[in-house]
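1. Sequence and predicted structure are below.
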4 protein chains.
Amino acid sequence: MVTVLKPGVTEDQIENLCNWFRTRGLDVHISRGHYQTIIGLIGDTKKVDVELLESLDIIEAVKTISEPFKNANRKFHPDDTVIDVNGVKIGGGNFVFIAGPCSVESEAQIIEVAQKVKAAGAHILRGGAFKPRTSPYDFQGLKDEGINLLLEAKKETGLPIITEIMNANHLPLFDDVDIIQVGARNMQNFDLLKELGRIKKPILLKRGLANNLKEFLMSAEYIMAGGNENIILCERGIRTFETYTRNTLDISAVPMLHELSHLPVVVDPSHSGGMARLVKPLSLSAAAAGADGLMIEVHNDPKNALCDGAQSLTPEQFSDVAERVRKVIEVAKQ
Amino acid sequence: MVTVLKPGVTEDQIENLCNWFRTRGLDVHISRGHYQTIIGLIGDTKKVDVELLESLDIIEAVKTISEPFKNANRKFHPDDTVIDVNGVKIGGGNFVFIAGPCSVESEAQIIEVAQKVKAAGAHILRGGAFKPRTSPYDFQGLKDEGINLLLEAKKETGLPIITEIMNANHLPLFDDVDIIQVGARNMQNFDLLKELGRIKKPILLKRGLANNLKEFLMSAEYIMAGGNENIILCERGIRTFETYTRNTLDISAVPMLHELSHLPVVVDPSHSGGMARLVKPLSLSAAAAGADGLMIEVHNDPKNALCDGAQSLTPEQFSDVAERVRKVIEVAKQ
Amino acid sequence: MVTVLKPGVTEDQIENLCNWFRTRGLDVHISRGHYQTIIGLIGDTKKVDVELLESLDIIEAVKTISEPFKNANRKFHPDDTVIDVNGVKIGGGNFVFIAGPCSVESEAQIIEVAQKVKAAGAHILRGGAFKPRTSPYDFQGLKDEGINLLLEAKKETGLPIITEIMNANHLPLFDDVDIIQVGARNMQNFDLLKELGRIKKPILLKRGLANNLKEFLMSAEYIMAGGNENIILCERGIRTFETYTRNTLDISAVPMLHELSHLPVVVDPSHSGGMARLVKPLSLSAAAAGADGLMIEVHNDPKNALCDGAQSLTPEQFSDVAERVRKVIEVAKQ
Amino acid sequence: MVTVLKPGVTEDQIENLCNWFRTRGLDVHISRGHYQTIIGLIGDTKKVDVELLESLDIIEAVKTISEPFKNANRKFHPDDTVIDVNGVKIGGGNFVFIAGPCSVESEAQIIEVAQKVKAAGAHILRGGAFKPRTSPYDFQGLKDEGINLLLEAKKETGLPIITEIMNANHLPLFDDVDIIQVGARNMQNFDLLKELGRIKKPILLKRGLANNLKEFLMSAEYIMAGGNENIILCERGIRTFETYTRNTLDISAVPMLHELSHLPVVVDPSHSGGMARLVKPLSLSAAAAGADGLMIEVHNDPKNALCDGAQSLTPEQFSDVAERVRKVIEVAKQ
């Protein structure tokens, strides 16, 4: 950490500040210049609150250097984390397809989709039971009934299941769910993150709509700080000024997250673009950029089902995308 | 709502679609043009899911016209909502000062600040007990102990108190709190909003960092749909590309929210700018733009207290700001 | 175009408005509802200024339907535009590699880079002569001397050349340049665009830092409206809240631009990420998403050359990227 | 400037780097820590290209400390710049009203508006002759004829005039124009800025749609570096995710620009909100925040004139706004 002092700070003030740093166990290095004095701090600078430092009258700027996330940081864990979900491996070169409908609608629907995506190569079944909706008047999901139907589909097909949690009080309902998803709007619901740190189940954490990668990793850190290190990061598109697409897939996030962290990175091309016809190009891109998996919305009848569709593929389309993705992975890896 | 069809759609397809609209109780008006056919829908279009409509192959675009928020909408409630907090009125021409420290630190601190801000004209005392922090390693607040200290200060000064909730399970702790604050990061924590709709206590809802006014009002709508109409909207700065200021105060939000909604609108100049020296100009601006109140961070000793400060005023500075704000309100009202 | 009237508008006002539309040659379709009256307009709505309509007291909203760009629109030109640059084809399934240094520095440098990128499979040589810099104190390029050196390299290698223009007065210097580049900061320098519409030379138009695709295509339209239809669109990353990467490559822009327009779309992975180590993953992504080409910064000695580098590849790295890109193209096409 | 080295950098590499800094005349201060080595640089760091430094393999991060703008920087020019425009003073406590129509339409129109805004207290007449439009098919202004009509209105009323330039080749037409405006889309048209640095006429520079304050001041610096120090900064709203308002007025920019720079700061409430009814609250806000002036669109007949209006006030409305603004200024100053 580097602290830049304002012009005109007295020697006494510098001495006081440096002593204060030293009481926090930091090594202090002073560089005096014509125009500015700079104090370099070496040690565990987590003990210093940057915003508070910046508030002092004598300080012009504080520059932090090391990343504030520790458990999620690749520097301290150089090897890729590989998460094992009932035998399905995610990360470390294992590519995973997560597929299924936006919402669980009925037993027939979820079982049919599960069977078809399994046949097309999906490793994990997704399906929304609790649905976060911008409007209180929109369909909020089948809730616990939805989870039961997912468990039926799991029993039928053997596919592990993933579904979203919106409230830590619902955790008992997730006992047999294999991966718990935290949605974009809850990425900074810190109390929920803390609760998820207390369990051992894998968590798929979606990036918030307008959050940067540091905040994303800090939210992973919240869960990891509690003791749960089974985190899968999911890039699902960010908010930009573009209006033709629902969100903007931040494809650079894939290699950047791999550089910053050892956690697996999955891409959701369905929400990123918000259109079925963008799923193929965005899936191939994600694979080419080194993603560890894809989470794709698949519905058995997206065209006629008025209650689904804009961004869902048919099982046949999913099968085609998955096949091409496998080829791109092979080529990109070489 | 207006639905624009793609070129080449057949008469049968149009007929099917129109029938589907009619079964939802909507009046259908078809405009056939050389290039495009447009279907106008009149009635309660909340029954139609826009995203799903857009997914249909035959549809080029769907344009919604009426606002999706109903309870919060000024169209249906032309008069300003006035919220009564233990005799302190907010909205409808009643200007309110909410002041106090970022975090409750000790009994001595909160009582001293409470007395001083009261003397300077504050109507309500603020103070953080549960603190949302980006990092799990940062101070998370005194929690229930903090609420107890706020209640002490309330007893001592008679000031109603406001403090932030992060978890609906904590609601019993808020029994004697006068206004419950929902922070920016929880603006779309829909399960929390629903719980707050079940009580009658006033809620101060902060706008999310990158949320637009429609989403902000939809979150108010979540609470109101549950039966709690005592909502205070709080503009606290949005995320932009600017880095000199922590956030960017969206001053236009004040008159726009007043136009769109009957709910009172309060501005938080402390978080908007992130710097004590911006609090005065931003407070005067907010008053000039027609805000119904200000929520300002005040600390008894911001300079020396290393655990607070960057954006806090001293009680004396607050007193000066409050006095000028009162003058601006008078002039702007005339 | 659809015009929504405010509640309470009188029949006389509606009649006046409709007549005004009719004098502009538009067909008018009125849908009267309980709450709102909607006027659908069919015909050449370019004659109506949307912003001005919206200003009228009786109008609540105006919704445009057709895209404002005509020459660039795929609807009216379903086939891909293929641009021929001295025998090098861009668009319509022809993938192009444009490579070279950020700035032209010397004859030796540009000729060495040109020879090496040619050997590695580049089709066109890039090099900056006029450099747009945020600071007036930064290096502004070799200017006309830089163009002369590029022409030397062209003579030596036979590679067509592309370089950026910043001022229409410099056009005579670009007589033997094969493609003229318009930089992101000049995307809405409308006077420059108009001048480029008067010539026939291919123009590579970069997307502005915070411009959406509609604005991007409208800028292409400016050039095309003048008669020059040889436009290559270049996605080079947009501004977002992310700070780890310099810009954010909008990978969805590639398929969206292909859907909206017939013009070729090239991606610049060097500026998008701002880091040499992101060039490979972003290049593969762009190829997987269907880009028609890549523009990559290559320097003969990026590590030691202190005056270049952050985002430049060595010729060897470029050669490796190009080879993998060719494989991805093959796989993605199938 | 502070340079942070990667872990594992050798002493030789450090020595080489430090020598390279020293040859650029910089003082070098090395802080060696357990985890990281930091090099502090004191002196004229403008000679070092930050992006290029960051590209080196041995460097983890570069942190700049001093602002890159020098002529515009208040640090080196503590007193407010006051610009004298034919006797009208801008800056240093002198508040200026600039008013007039968006576009010059006819002699009768511009003279009527000029007379009315003068009577209402305007000091300077604005009017667009060259109009930057997103679409090539929209009205592009009366051009030189528009400037002639403005000069007529100047002769008639004695008001100095301001109008926008889009092309340095048009400079001879601006000989008798009193202030030259550079529009938001040309804020980084560096060649235009350089040309304007060669003249002595006051320049009103508008902030770009998605540019931060540093970039804004660097563009002012471009003009000042050429020798023209008569710059008026104009905040006119930035692009955000909000859609109810056309742009988002960044009110904090007013006090921040005053802190960073000695140049006068004017606000354009008409473009910021894009709606006539927002002009009053935004004008009062700007005055309360300490702006040095307002630039307001006023039209003699905005309602009926279909070719203007959305954001224009009538002369009567302008008169009312101006009167209230004067009162706010008085109160805010005290």
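-> Now that the structure is in, tell me what you want to look at.
2. Whether the helix or strand of chain A with the lowest mean pLDDT contacts chain B - can you check?
-> Lowest on mean pLDDT, DSSP states H and E among the helices and strands of chain A sits helix A:50-54, with a mean of 74. Yes. Part of helix A:50-54 sits near chain B under the criterion CB under 8 Å from any CB of the partner chain, namely A:Glu51, A:Leu52, A:Leu53, A:Glu54. C-beta: built from backbone N, CA, C; applies to glycine.
3. So which of the residues you listed wins on neighbours?
-> A:Leu53 (21 neighbours; other CB atoms under 10 Å in any protein chain shown).
4. quick one, helices of chain A?
-> Along chain A, counting by DSSP state H, helices occupy A:11-23, A:50-54, A:107-119, A:144-157, A:190-197, A:213-225, A:253-260, A:269-273, A:276-288, A:315-333.
5. between the third one and helix A:315-333, how big is the angle?
-> For helix A:107-119 against helix A:315-333, the angle by axes from the mean of the first three to the mean of the last three CA atoms, to 10 degrees is 30 degrees.
6. neighbouring contacts of helix A:107-119?
-> A:97, A:99-101, A:104, A:125, A:127, A:149-150, A:152-154, A:156-159, A:298-300, A:315, A:318-319 (CB atoms under 8 Å, 6 or more residues apart in numbering or on different chains).
7. of those residues, buried ones?
-> By neighbour count, with 16 or more other CB atoms under 10 Å in any protein chain shown, the contacts of helix A:107-119 hold A:97, A:99-101, A:104, A:125, A:127, A:149-150, A:153-154, A:156-157, A:159, A:298-300, A:315, A:318-319 as buried.
8. list the helices and strands the least confident helix or strand of chain A packs on?
-> Judged by 3 or more CB pairs under 8 Å, 6 or more residues apart in numbering or on different chains; DSSP states H and E, the packing partners of helix A:50-54 are strand A:59-63.
9. by contact count, what packs against the strand it packs on?
-> Counting by 3+ CB pairs under 8 Å, 6+ apart, strand A:59-63 packs on strand A:2-5, helix A:50-54.
10. Partner strands of it, with direction?
-> Sheet pairing of strand A:59-63 (DSSP bridges) gives strand A:2-5 (antiparallel).
11. By neighbour count, which bits of the strand it pairs with are buried? Give me those.
-> Neighbour count says strand A:2-5 has A:Val2, A:Thr3, A:Val4, A:Leu5 buried, by 16+ other CB under 10 Å.
12. Repeat that for stretch A:77-89.
-> Buried, per 16+ other CB under 10 Å, within stretch A:77-89: A:Asp80, A:Thr81, A:Ile83, A:Val85, A:Val88, A:Lys89.
13. just stretch A:320-334 next, same as before
-> A:Val321, A:Ala322, A:Arg324, A:Val325, A:Lys327, A:Val328, A:Ile329, A:Val331, A:Ala332.
14. hmm, who's touching that stretch?
-> Under CB under 8 Å, 6+ apart, the answer for stretch A:320-334 is A:95, A:97, A:120-122, A:279-280, A:283-284, A:287-288, A:290, A:294, A:296, A:313, C:284, C:288, C:324, C:327-328, C:331-332, C:334.
15. Pull that stretch out as CSV, backbone CA atoms only.
-> Output in CSV follows, covering the C-alpha atoms of stretch A:320-334 (Å, rounded to 0.1, in the frame of the first residue of the first chain):
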residue,chain,number,x,y,z
ASP,A,320,-25.7,-29.1,-32.0
VAL,A,321,-24.1,-26.3,-29.8
ALA,A,322,-22.6,-28.9,-27.4
GLU,A,323,-21.0,-30.8,-30.3
ARG,A,324,-19.4,-27.6,-31.8
VAL,A,325,-18.3,-26.5,-28.4
ARG,A,326,-16.5,-29.7,-27.8
LYS,A,327,-14.6,-29.2,-31.1
VAL,A,328,-13.7,-25.7,-30.2
ILE,A,329,-12.3,-26.8,-26.8
GLU,A,330,-10.2,-29.3,-28.5
VAL,A,331,-8.8,-26.8,-31.0
ALA,A,332,-8.3,-24.0,-28.4
LYS,A,333,-6.5,-26.3,-26.0
GLN,A,334,-3.8,-27.5,-28.3
